[in-house]
Each structure stands twice: as structure tokens, then as C-alpha cells.
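1. structure for this input, please:
(one chain, ligands or ions: 1)
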Amino acid sequence: MNVVLLGATKGIGRAVARLLALRGDRLVLLGRDPEDLGRSAADLDVRAGRSVVAATVPCDLADPAGFEPALAAAAAALGRIDAVIVTAADFATQEALEADLERCRSLLTINFAHTVVFCEHARRFLLPHGGTLCVVSSVAGDRGRKPVVLYGASKAGLSAYLEGLDHRYRSAGLKVVCIKPGFVKTSMTAGLRPPPFAGEPAQVARDIVRAIDRGTPVVYTPWPWRFVMHVIRRLPRGVMRRVGF
Ligand SMILES: NC(=O)c1ccc[n+]([C@@H]2O[C@H](COP(=O)([O-])OP(=O)(O)OC[C@H]3O[C@@H](n4cnc5c(N)ncnc54)[C@H](OP(=O)(O)O)[C@@H]3O)[C@@H](O)[C@H]2O)c1
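-> Sure thing, here's the model as predicted:
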């Protein structure tokens, strides 16, 4: 596959890029720090034992004017794009976001509005020949919850958009894959206390690559979160108001 990744410099995205590189897919890495992108590309080439990264292209989710040119550069480097994977996102605690509304506005914009705009550009590059748009949302978007009211709202909007996009374009050949991780041990969650069923990036990456290969529309990962969220989605509002999670 020819794959474009936004967010492969860290965490879950880096683990996905490593799996794809090892199986021989051709990659273009998009991200906001050119030096970091270069280091990530070199690491992937060494792991694969040959050149797998066709290009690295600057792209910052804070700057939507750069989305189309970045995807066009990726398409030029790859010939055609089979899959676009978005793992990039912003995170801050509920307390930090409540204390700083400019920080809150920025997170909501990056995680929802700008991610959706990036996906709308990606859809245009994928649709002519079909392909897969895989975006990492979160279990935090499934239910309004006290510790993640604001971050969760950004992911709820993203999940709803991805579901609608899948309904609208699946028959035209576009597969939309929405990944909903539970807690994963990455730099995003550094310093937070891992709950039961906390996952590792490599484990989540395997689930993501399998979902892309199968075109699975929604995947909870690691797998116990599917059952955890099955219960949480059904808890009465009165119970949700009393509990701490
Ligand atoms: N970790 C969890 O427990 C968890 C749970 C549920 C959902 N998720 C979701 O999983 C995805 C991956 O998270 P992670 O844990 O792997 O996070 P991470 O380790 O912090 O990696 C985040 C990635 O996003 C990139 N990024 C951040 N802001 C960006 C911007 N403005 N423009 C372009 N790239 C940007 C980072 O690039 P830099 O290298 O430049 O910083 C990095 O590559 C996110 O969508 C997150 O919301 C994570």
C-alpha cells in the first residue's frame, strides 16, 4: 500500500508506521517538525532494511492552509495514495482546559474542526480510486464524562463525522475507519495513572493495521475497551453524574 501518515513521530502513529514499514508498504510522513520527521523516516528505513519512506512533508493541524499542498506533495511522491492515517491530535487535562480557554479553543479546533478539514482534503485524494481513511478518535467521545468533558467533546464530534462520512462514501469505494482507543501508554498520557486495560502502542497499532486491511468501520482497542464502553454507553445519566469516571 501507499500510505500517508499524519502523526507518526510519536506514540500510536509511530507504532503503526513501524508495522507498515516492516511489511513493505511505502510511506509519506506528514508532521509539524521537519527534523523530527527526518529522524522518524531514517528510523523506519533502518528498521525495514531499505528505503520505505518516499517523502516527509511539513503539515501542522493548526494550519489548514497547508493541508492540500501537503497531501498533493504526498501524492506526487507516492504516485497514488491508498490510505491516509491520522493519529495526530492534541490533549490536555480537563483542569488545564478549564483554566485556559484559549488553550481549550485551540484543542477543540485542532482535534475537531481542523482534523475534519484535513479529512475532507484527504477524501478528495482517495476517492477517485477508492481507498481508506483511518482516523484515531477515542472512547472519550462515546459518553460525556467528568474527567474529559472538553477533550471528549472534540472526539465525539470527530467520531460522528467519521460515521457519517463512512455512510456517505462507502458505496463510492471510500472506506472510513474510526479507531477508538482506551487508555494507551504514550507521551500523551505520560504522568496520568494507567487504569485497568491500559494498552501499549504496539498492541493498538496491530489492531489499527488489521482494521485498515479489513475496512472495519469502528474498532475499540485494546479489545477489552469494546466491552467496557458497551457498559458505559448504557449507564443511566443519574449514575454517570454520581461516578468519578
Ligand atoms: N494515548 C491514549 O491513551 C489515547 C487514548 C485515546 C485516544 N488517543 C488518540 O490517539 C491518537 C494518538 O495519540 P498518542 O497517544 O499516540 O499521542 P502522542 O504520543 O502524543 O502523539 C501525538 C502525535 O500527534 C502529533 N501532533 C500533535 N499536534 C499536532 C499538530 N498540531 N499538527 C501535526 N501533528 C500534531 C504529534 O507530533 P509531534 O511529534 O510534533 O508532537 C505526535 O506525532 C490521538 O488522536 C489521541 O487523541 C490516545
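2. please, which helix or strand holds the closest residue to residue 16 other than its chain neighbours?
-> Nearest residue to residue 16, sequence neighbours excluded (CB to CB, 6 or more residues apart in numbering): residue 205, at 4.4 Å. Heads up, the C-betas are built off the backbone N, CA and C, glycines and all. Using DSSP states H and E, residue 205 falls within helix 201-214.
3. and whichever strand or helix holds residue 30, what does it pack against?
-> Using DSSP H and E, residue 30 falls within strand 26-31. Packing partners of strand 26-31 (3 or more CB pairs under 8 Å, 6 or more residues apart in numbering; DSSP states H and E): strand 2-6, helix 11-22, helix 34-48, strand 53-58, helix 67-78.
4. distance of the residue nearest to residue 16 from the ligand?
-> According to CB to the nearest ligand atom, to the nearest Å, residue 205 stands 10 Å off from the ligand.
5. that residue contacts residue 11, doesn't it?
-> No: at 9.6 Å, residue 205 does not count as touching residue 11 under the criterion of CB atoms under 8 Å.
6. common neighbours of these two, please.
-> Between them, residue 205 and residue 11 share no contacting residue under CB atoms under 8 Å, 6 or more residues apart in numbering.
7. look up how far the ligand lies from residue 153.
-> Counting by CB to the nearest ligand atom, the gap from residue 153 to the ligand is 13 Å.
8. and what of residue 48?
-> As judged by CB to the nearest ligand atom, residue 48 and the ligand stand 19 Å apart.
9. tell me how many other residues crowd that residue.
-> Neighbourhood size, residue 48 [other CB atoms under 10 Å]: 18.
10. going forward can the numbers begin at 29, since that is how I track them
-> Sure, I'll start numbering at 29, so the last one becomes residue 76.
11. pLDDT value on the nearest residue to it once chain neighbours are set aside, please?
-> Closest residue to residue 76 apart from its sequence neighbours, by CB to CB, 6+ apart: residue 49 at 4.3 Å. On pLDDT, residue 49 comes in at 98.
12. just to check, residue 49 is in contact with residue 78?
-> No: under the criterion of CB under 8 Å, residue 49 makes no contact with residue 78, lying 9.3 Å away.
13. ok, those two, which is more surrounded?
-> For residue 49 versus residue 78, the count of surrounding residues by other CB under 10 Å is larger for residue 49: 24 against 8.
14. what residues are up against that one?
-> By CB under 8 Å, 6+ apart, residue 49 lies in contact with 55, 72, 73, 75, 76, 80, 81.
15. name the residues that touch stretch 114-127?
-> By CB under 8 Å, 6+ apart, the list of residues contacting stretch 114-127 reads 33-36, 39-41, 44, 59, 89, 131-132, 134-135, 138-139, 143, 146-147, 150, 161-164, 174-179, 216-217.
16. residue in this structure with the shortest distance to the ligand?
-> With CB to the nearest ligand atom, the shortest gap between the chain and the ligand falls at residue 39, namely 2.2 Å.
17. which residue packs closest to that residue, ignoring adjacent ones?
-> In space, residue 39 is closest to residue 214, 3.3 Å off (CB to CB, 6+ apart).
18. among the contacts of stretch 114-127, which ones are in strands?
-> 33, 34, 59, 161, 162, 163, 164 (DSSP state E).
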